[in-house]
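> What follows is a predicted structure for the sequence shown.
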Amino acid sequence: EPGPASSMAAITEGLRAKVDDESDSDDELLDDDLPLPLLWAEVQSIYQSVVNPADGVALPDVDMAIRRAMELLERVERAVRSAALFSSNEEVDDMNTLDLRYTMVDFYRAKLLPRASNAGGRNPHARLSALKRAKASYHAFLGRAEDLKLMGGEDSEYWHSLDGEGEDEEE
């Protein structure tokens, strides 16, 4: 049974087909031309398929799907920055509720990075590099959550107690 993410992916493909049909040129609709909510819907669809393969269609090439999701996350991040959706002096109560979903960019990146086969496999150095990038993404996500006052006092204290843990270890 298709869920909201797969429905949004179908809408994205439908929009692309409609624009292609109505276009006088042979150019494809670029992802950068898609509205931010449709880009995000495609990210969510890929994320769900990779993280919960039993819930969705099994992907024939998970690495290709992860690369696509990473490209889309970069585009979402650029669009969010360009639209100035988040301000450093805003808290969660000051934000548009629908825009809160874009605070998840770093979280999605952190969850997907270690799942790619080029994230190391049997190569411990490549694996460590992928895990460090994932850790940096989790750190960015939690930092934003704290800035927006999404974390309470105990959660924030616990996160800070972990912050920097293990950084003195040899690589």
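Received it, and whenever you're ready, just let me know what you need.

> how far away is residue 107 from residue 61?
23 Å (Cβ to Cβ, to the nearest Å). Just so you know, the C-beta spots here come from the backbone N, C-alpha and C atoms, and that holds for glycine as well.

> neighbour-wise, which of the two wins?
Taking other Cβ atoms under 10 Å, residue 107 and residue 61 do not tie; residue 107 has more neighbours (17 against 10).

> what sits against the residue nearest to that one when sequence neighbours are not counted?
Leaving out its chain neighbours, the residue that sits closest to residue 107 by Cβ to Cβ, 6 or more residues apart in numbering is residue 141, at 4.4 Å. Residue 141 is in contact with 103-104, 106-107, 110, counting by Cβ atoms under 8 Å, 6 or more residues apart in numbering.

> all helices for this structure, in order.
Under the criterion DSSP state H, the chain carries helices at the ranges 4-22, 36-51, 62-83, 105-112, 124-147, 153-162.

> and the ones you listed as CSV, adding mean pLDDT and distance to residue 94?
Formatted as CSV, these follow (pLDDT from 0 to 100; distance: least, Cβ to Cβ, whole Å):
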stretch, mean pLDDT, distance to residue 94
helix 4-22, 46, 27
helix 36-51, 91, 19
helix 62-83, 91, 16
helix 105-112, 95, 19
helix 124-147, 89, 12
helix 153-162, 83, 19
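
> could you dump those to a markdown table with distance to residue 99?
As requested, these are exported to a markdown table (distance: least, Cβ to Cβ, whole Å):
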| stretch | distance to residue 99 |
| --- | --- |
| helix 4-22 | 17 |
| helix 36-51 | 9 |
| helix 62-83 | 8 |
| helix 105-112 | 12 |
| helix 124-147 | 12 |
| helix 153-162 | 22 |
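
> between the ones you listed, which gets nearest to residue 91?
Each of the helices of the chain has some distance to residue 91 by Cβ to Cβ; the shortest is helix 124-147, at 8.1 Å.

> buried sites along that closest one?
Residues 130, 134, 137-139, 141-142, 144-145, 147 are the ones in helix 124-147 that count as buried (16 or more other Cβ atoms under 10 Å).
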